[in-house]
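Engineer: Only the shape, not the letters, is given here:
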């Protein structure tokens, strides 16, 4: 019995390795994003477009986040902004949403118990 095609990953020397599906894809995405910030090939300072691309948002959204004071930026010249990798990691860690045990991101509070009808003494 073979595994579905989505569970195969190319390893070194063009060999195929079976990869078990992750029980928590949100945690895997978070781990991949933080590992991407730790890669040595990523420059110490990122420009506005680099941050926007990394966060998958529009550059105007990055400017809005900077104006709100949520992400520190450094001005280089008159118009250019630069961002430190550690500041981006701090921003992301503050934006993390804890997932519920079922994997969704929110639950409604439990409703209060229904009132019980009791007979009053006569």
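Structural biologist: Received it, and whenever you're ready, just let me know what you need. Being a predicted model, the structure only gives us computed values, none of them experimental.
Engineer: drop to CA atoms for contacts and neighbour counts, all remaining ones
Structural biologist: Fine.
Engineer: Helices of this protein, start to end?
Structural biologist: 25-37, 48-55, 59-67, 85-94 (DSSP state H).
Engineer: Can you say which of the ones you listed is nearest to residue 76?
Structural biologist: helix 48-55 (11.3 Å; CA to CA).
Engineer: Against which helices or strands is the closest one packed?
Structural biologist: The elements that helix 48-55 packs onto, with contact taken as 3 or more CA pairs under 8 Å, 6 or more residues apart in numbering; DSSP states H and E, are helix 59-67, strand 80-84.
Engineer: For the first one, which helices and strands make contact with it?
Structural biologist: Looking back up the chat, that one is helix 59-67. helix 48-55.
Engineer: buried set for the helix it packs on?
Structural biologist: Residues of helix 48-55 classed as buried by neighbour count (16 or more other CA atoms under 10 Å): 48-52.
Engineer: Hey, what's the angle from it to strand 80-84? Just curious.
Structural biologist: 40 degrees (axes from the mean of the first three to the mean of the last three CA atoms, to 10 degrees).
Engineer: List of residues touching helix 48-55?
Structural biologist: 58-59, 61-62, 80-83 (CA atoms under 8 Å, 6 or more residues apart in numbering).
Engineer: Appreciated, that's everything.
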